[in-house]
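> Show me the folded form of this:
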Amino acid sequence: MAVSTTAPSTTEVGANPVLNLGMFVGFVAVTLYIVHRVSSGNNTTSSYYAAGGQFTGGQNGIALSGDFLSAASFLGIAGGIAVHGYDSFVYSVGWVVAWLVGLLLIAEMLRNTGRFTMGDVLAYRMRQRPVRIAAATSTLLISYFYLLAQIAGAGGLVSLLLNITSKLGQSIAIVVAGAIMILYVLIGGMKGTTWVQIIKATLLLLCMALITIFLLGRFGFDFSGILGQATQHNSLGSAILAPGTLYGKNELDFVSLALALVLGICSLPHVLMRFYTVPNAKQVRRSLVWAIWSMVGFYFCTLVVGYSAMAMVGADAILHAPGKENSAAPLLAYALGGPVLLGLVSAVAFATILAVVAGLTLTASVSFAHDVYASIIKRGDSEPGREVRVARLTAVIMGVLAILGGILVNGKNVAFLVALALALAASANLSTLLYSLFWRRFNTAGALASIYGGLGSCMLLIVFSPVVSGSPDAIFPNMDFHVFPLSNPGIVSIPFSFVCGFVATLVGSRSDPALQTEMEVRALTGIGSGLPT
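Numbers count the residues shown, from 1 in each chain. The predicted structure follows:
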């Protein structure tokens, strides 16, 4: 069943700025009020950092999905499928599979061993100062890369709704969106951020489910009808139904991307931090089960939404809109239901970005305040109120830096930017966490080598990759200093971090055997953690 639709122009989409802004402002006002109400008593580190561990597994699972279903998932994947077809669905598949790594290997033991941050786990049986500095460095860099994607997505969305086509206007939109996001962290802490994520995830899942059902109904519940019309609105034709449109030129790049997607999720600091918001390891497992099933449903919907956007809007119209690929879902909403549905979908998308950025900014600020300020500068003797104030100041600084970076990467596909953050996370954190939890001999030298080796190699390869220079879609398209051929460095940097940690451990001195045994018992059983088991 064919559905004839005229693709909306960006002028038409931005023709109702009052309605669009009204929905935005309404959502921001309501959620800020909720954050303010639930965040009383946020002056202790436990309440500000981990909400006092008061959330249930179900609540935390929905919040986890809200924390991760970001602009990359809602805007980037749908837009990637709408322009490139089948190849962009690799993000959805990789991210669903990735949560099994956390469920089976990391989550429960991390909850039993740590308190607030990844640095708590890594420094448990090693030298505190160098390991916490390394953990904080990793957290800040990874969070910053992830923030770039979210801020860029927010700016593109606002620019589309208000029909802002100039670079200066889009930069101003990014600044305003970033400033609003910082407010959530300053006011809410972990408890307020978690409730924003729960609300946002519920709205997002309901919105995607209803749009998917409506789209399937419009095509007579014949998905092949959507695919058939999609091939007529893409210059690649039927090739968009098969692999190879995006990654066919370099299969190794595809493998590298897949490794980063699958191994990076449960190495992300803001995901790891959510394991501390529940009272015990059992609730951590429940959290991940809830999160996985939520994401399975969501990513099925992105497949329908992406190909429907291609069929009803067209790849060319999407690429010429402000935000480019990230505009596919809003443009589809306008084609389906006019300005009202566009405003609703855009408000949900903006909520998505707000919630994720709040979680990222909070994680980065907590890592600096807890691992660097409290544990290193104050040597574990800091006042809780002072530590929370340091965390809030760090959140402001991170937000400002993310706004500046978001302006630089404006117009890039946010899903791809997130993939780079995942490569950094898998390179710096995965090997260190697994070695710390499962290898008794692992020591301080190994931890430092795996973090800095993975982080440094990944950053270096990104700088000299086609992502930064040497290609039309690069951050600096008019320059060419790339020497590394792959867009994602995961296939090199992830194994390299494991090798660095292994070799340095063998060369370095052994850790305290008593602490090794104590950590192993605590990680496996929860005994000694002071938490219900």
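> What are the contacting residues of stretch 122-140?
113-114, 117-119, 269, 363-364, 367-368, 371-372, 375-376, 398, 424, 428-429, 432-433, 436, 443-444, 447-448, 451-452, 455, 511-512, 515-516, 518-519 (C-beta atoms under 8 Å, 6 or more residues apart in numbering). In this view, the C-beta of every residue, glycine as well, is placed from N, C-alpha and C.
> Which PyMOL command selects the buried ones in these?
Selection of buried members from the contacts of stretch 122-140 for PyMOL, criterion 16 or more other C-beta atoms under 10 Å:
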select buried, resi 113+114+117+118+119+269+363+364+367+368+371+372+375+376+398+424+428+429+432+433+436+443+444+447+448+451+452+455+511+516+519
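> which ones among the contacts of stretch 122-140 are found in helices?
Members of the contacts of stretch 122-140 lying in helices (criterion: DSSP state H): 113, 118-119, 269, 363-364, 367, 398, 424, 432-433, 436, 444, 447-448, 451-452, 455, 515-516, 518-519.
> among the helices and strands of the protein, which one scores worst on average pLDDT?
Sorting the helices and strands of the chain by mean pLDDT, DSSP states H and E puts helix 10-13 at the bottom, at a mean of 52.
> and the helix or strand just after it, what does it pack onto?
Once the chain leaves helix 10-13, the next helix or strand it forms, by DSSP states H and E, is helix 17-38. If you count contacts as 3 or more C-beta pairs under 8 Å, 6 or more residues apart in numbering; DSSP states H and E, helix 17-38 packs onto helix 128-161, helix 167-218, helix 328-367.
> What count of nearby residues applies to E251?
Neighbourhood size, E251 [other C-beta atoms under 10 Å]: 11.
> re earlier: so which of the helices and strands packed on helix 17-38 comes closest to V96?
helix 167-218 (14.4 Å; C-beta to C-beta).
> quick one: average pLDDT of stretch 422-440?
Stretch 422-440 carries an average pLDDT of 88.
> Let's see the distance spanning that stretch from one end to the other.
27 Å (C-alpha to C-alpha, to the nearest Å).
> so how far is it off the chain centroid?
Here stretch 422-440 shows a centroid-to-chain-centroid distance of 18 Å under the convention C-alpha atoms, centre = their mean, to the nearest Å.
> what's near enough to touch the residue most central in space within the chain?
Centroid-nearest residue in the chain: F68, 5.0 Å away (criterion: C-alpha atoms, centre = their mean). Counting by C-beta under 8 Å, 6+ apart, F68 touches W95, I265, L268, V271, A291, M295, V356.
> for C301, same thing?
M208, A209, I211, T212.
> what does L393 give?
By C-beta under 8 Å, 6+ apart, the residues touching L393 are S365.
> Could you report the separation of it from V185?
In this view, L393 and V185 are 11 Å apart by C-beta to C-beta, to the nearest Å.
> Same question for L147.
Taken as C-beta to C-beta, the span from L147 to V185 is 11 Å.
> which residues do those two both contact?
In contact with both L147 and V185: T361, using C-beta under 8 Å, 6+ apart.
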